[in-house]
Structures are given as C-alpha cells and as structure tokens.
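Participant: Sequence first, then the predicted structure:
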Amino acid sequence: MVGIVVVSHSRRAAEGIREIAREMGGDARIEAVGGTEDGRVGTTPGPIREAIDAVAGDGGGVVVLVDLGSAVMNAELAIEEADATEAVVADAPVLEGALNAAVAATSPTATVEAVREAAEEAAEVSKL
C-alpha cells in the first residue's frame, strides 16, 4: 500500500488534514508532520523523514503533500535521507490533494504514480 505524509508549517493543520483524509481514505497509511521539533511554526527534514519511513511499510512507496515553499525543500531533503524505496512530493493543494491521495491509496493496485496523480488532480477542481 502507498503511504501518505502530510507536511504543514503547523502541527495542528497537518493533524487536521490527516483527520479529514482518514475519513475518506479509511485504511490508508497517513502520517502528519507539522511545526519544528521545538514547537515553532515551520518544518524540518528529520521528522518528515521519520514519517516517510513510518508509512513506507511494505515498500509500496510514499506520496508527500506539503503546504508552503520551504516544506518542499525539507520534504525533498527528507526523501533523500529516507529508507523508502520510492517517495515523491505531489504538486497539489495539501487538503484536497490529501483527500484524493487517501482514496487512491486504498486501491489494491495503487502505485506511487497513481496516488501522486490523484493528489495533483485536486488542483483542477473548482470550489465554486
């Protein structure tokens, strides 16, 4: 199964997004990473790497969703350091992308590419 990591500059935001995505994705493996290790707003690679490794599980790969610019850089650093065989950052809105990714990840034939594409499709959905 493909794992999902939600990265936000805010721990509460990341956990809230994970909560909503779990409602849609049921059995999907989703980790939330937010804030810095000392509790401030921001991101650091270490906790992101740990989350990637935690959801990598059976080698199904990982899709990472991020909220803002520096989270992309830290997620990419974390991916380089992670043990996961395949991990990618999705260019997707974090909440809507996490919902789509969670649903796609529950498919028994899910691939990292398919879950990433599902997350990125969320950018095309109009809210009005």
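Facilitator: Cool, got the structure.
Participant: just the helices in the chain please.
Facilitator: Remark: helices assigned in the chain by DSSP state H are 11-25, 45-56, 69-81, 94-105, 112-121.
Participant: tell me the angle the last one makes with helix 94-105.
Facilitator: So the one you mean is helix 112-121. With axes from the mean of the first three to the mean of the last three Cα atoms, to 10 degrees defining the directions, helix 112-121 sits at 140 degrees from helix 94-105.
Participant: Next: the first one.
Facilitator: Orientation note: helix 11-25 sits at an angle of 30 degrees relative to helix 94-105 (the same axes, to 10 degrees).
Participant: what's helix 11-25 packed up against?
Facilitator: In terms of contacts (3 or more Cβ pairs under 8 Å, 6 or more residues apart in numbering; DSSP states H and E), helix 11-25 is packed against strand 3-8, strand 30-34, helix 94-105. The C-beta positions use only the backbone N, C-alpha and C, and glycine is treated the same way.
Participant: Now do the longest one, average pLDDT.
Facilitator: What helix 94-105 shows for mean pLDDT is 96.
Participant: packing partners for it?
Facilitator: Applying 3+ Cβ pairs under 8 Å, 6+ apart, one finds that helix 94-105 makes contact with strand 3-8, helix 11-25, strand 62-66, helix 112-121.
Participant: pLDDT below threshold where in the chain?
Facilitator: For the chain, not a single residue meets the criterion pLDDT under 70.
Participant: Kindly recompute the last result at 80.
Facilitator: Scanning the chain for pLDDT under 80 picks out the ranges 57-60, 84-85.
Participant: quick revisit: switch the helices and strands packed on helix 11-25 over to a markdown table; also include mean neighbour count and distance to Pro45.
Facilitator: What follows is the helices and strands packed on helix 11-25, written out as a markdown table (neighbours: other Cβ atoms under 10 Å; distance: least, Cβ to Cβ, whole Å):
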| stretch | mean neighbour count | distance to Pro45 |
| --- | --- | --- |
| strand 3-8 | 29 | 10 |
| strand 30-34 | 24 | 10 |
| helix 94-105 | 25 | 18 |
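Participant: Okay, Ala110 and Arg12: tell me how far apart.
Facilitator: As judged by Cβ to Cβ, to the nearest Å, Ala110 and Arg12 stand 28 Å apart.
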